[in-house]
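Student: Need the 3D shape of this:
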Amino acid sequence: MSAIDLAPQKKIGILGGTFDPPHLGHLKLATHFSKLLHLDELLLIPSGEPWQKESDITPAKVRLQMTEAAGIDLARAFLYLNIPTQIGIDRMEIDRAGPSYAIDTVRDLRARFGVDASLTWLMGADSLLNLSSWNSWDQLLSYVNLAVASRPHHELSLEMHPEIKVLLEKHQYFDPNLLEKSPFGRIYLDKSLSVDLSSTNLRNQLKSTSRGMIGSEQIPSHTLEIITNLGLYK
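Tutor: You can find the predicted model right below:
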């Protein structure tokens, strides 16, 4: 397949991750790109077996429950901001046996939505910097576009692997509207959004004496309610 400039039938955003737990950084990234790229639909896809993470992650079904709760807060934000993007919580990686690889997910989504749909994987700059460690990473752009948000303490020009630099030279575009017009094969780096939250830091804080200091400005309120009710991360 090769990227083309025909107007796609549908614009789909993909936000994958461990979501252990989902936080406001995820929601801000989702909101920003849903509006910027005029997404018809946004899929939040919690990983089943995140092969690059430590072994003591929260069970997949609980992370799915927290992601569904975060989706409620995201839907309310979209309604308030008049963003028409539909939100879906997809359990495809949880239901798939074995390690969760993004390449398997994008292949399945391409088969689901067809060859004309614009599929865009949303990620932070830290994920782009680590992209060359992903399974079959060099095949991803044959199925999706990439929309990358900047993050504090991640200077792309200084930390980037040579293979990722080559990838950007071939596939980077500076107009986000061009992603809407291409089903796959393009990368857009967005420097206007900078989110300094991480699930790892939040888990550590939840395990510490400062647990009570975490509020809805860090973790979506419905997700925080589940964390409290189930006594997670203690």
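Student: quick one, helices of the protein?
Tutor: Along the chain, the stretches classed as helices by DSSP state H are 24-36, 60-81, 92-95, 102-113, 125-129, 156-159, 162-171, 177-180, 199-206, 221-230.
Student: how about the last one: buried residues?
Tutor: Residues of helix 221-230 classed as buried: 222-224, 226-227 (neighbour count, 16 or more other Cβ atoms under 10 Å). Using the backbone N, CA and C atoms, a C-beta is placed for each residue, glycine as well.
Student: swap in the longest one?
Tutor: Judged by neighbour count using 16+ other Cβ under 10 Å, the buried positions of helix 60-81 are 60, 62-71, 73-74, 77-78.
Student: now it and helix 221-230, what's the angle there?
Tutor: In terms of direction (axes from the mean of the first three to the mean of the last three Cα atoms, to 10 degrees), helix 60-81 departs from helix 221-230 by 150 degrees.
Student: tell me what helix 60-81 is packed against?
Tutor: helix 24-36, strand 41-46, strand 86-89, helix 92-95, helix 221-230 (3 or more Cβ pairs under 8 Å, 6 or more residues apart in numbering; DSSP states H and E).
Student: same deal with the fourth one?
Tutor: In terms of contacts (3+ Cβ pairs under 8 Å, 6+ apart), helix 102-113 is packed against strand 11-17, helix 92-95, strand 118-124.
Student: okay, those in CSV with mean pLDDT, distance to Leu39 and mean neighbour count next?
Tutor: Shown next, in CSV, are the helices and strands packed on helix 102-113 (pLDDT from 0 to 100; distance: least, Cβ to Cβ, whole Å; neighbours: other Cβ atoms under 10 Å):
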stretch, mean pLDDT, distance to Leu39, mean neighbour count
strand 11-17, 97, 4, 24
helix 92-95, 96, 18, 17
strand 118-124, 96, 8, 25
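Student: Least confident secondary structure element in the chain?
Tutor: helix 156-159 (a mean of 69; mean pLDDT, DSSP states H and E).
Student: among the helices and strands packed on helix 60-81, which is nearest Glu163?
Tutor: When the helices and strands packed on helix 60-81 are compared by Cβ to Cβ, helix 24-36 sits nearest Glu163, at 24.0 Å.
Student: Only C-alpha atoms, please: export the closest one in PDB.
Tutor: Written as PDB, here are the backbone C-alpha positions of helix 24-36 (Å, rounded to 0.1, in the frame of the first residue of the first chain):
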ATOM      1  CA  LEU A  24      -5.700  13.700  32.400                       C
ATOM      2  CA  GLY A  25      -2.800  13.600  30.100                       C
ATOM      3  CA  HIS A  26      -4.500  10.900  28.000                       C
ATOM      4  CA  LEU A  27      -7.700  12.900  28.000                       C
ATOM      5  CA  LYS A  28      -6.000  16.200  27.000                       C
ATOM      6  CA  LEU A  29      -4.200  14.400  24.100                       C
ATOM      7  CA  ALA A  30      -7.400  12.800  23.000                       C
ATOM      8  CA  THR A  31      -9.300  16.100  23.100                       C
ATOM      9  CA  HIS A  32      -6.600  18.100  21.300                       C
ATOM     10  CA  PHE A  33      -6.200  15.700  18.400                       C
ATOM     11  CA  SER A  34      -9.900  15.000  18.100                       C
ATOM     12  CA  LYS A  35     -10.500  18.700  17.500                       C
ATOM     13  CA  LEU A  36      -7.400  19.300  15.400                       C
END
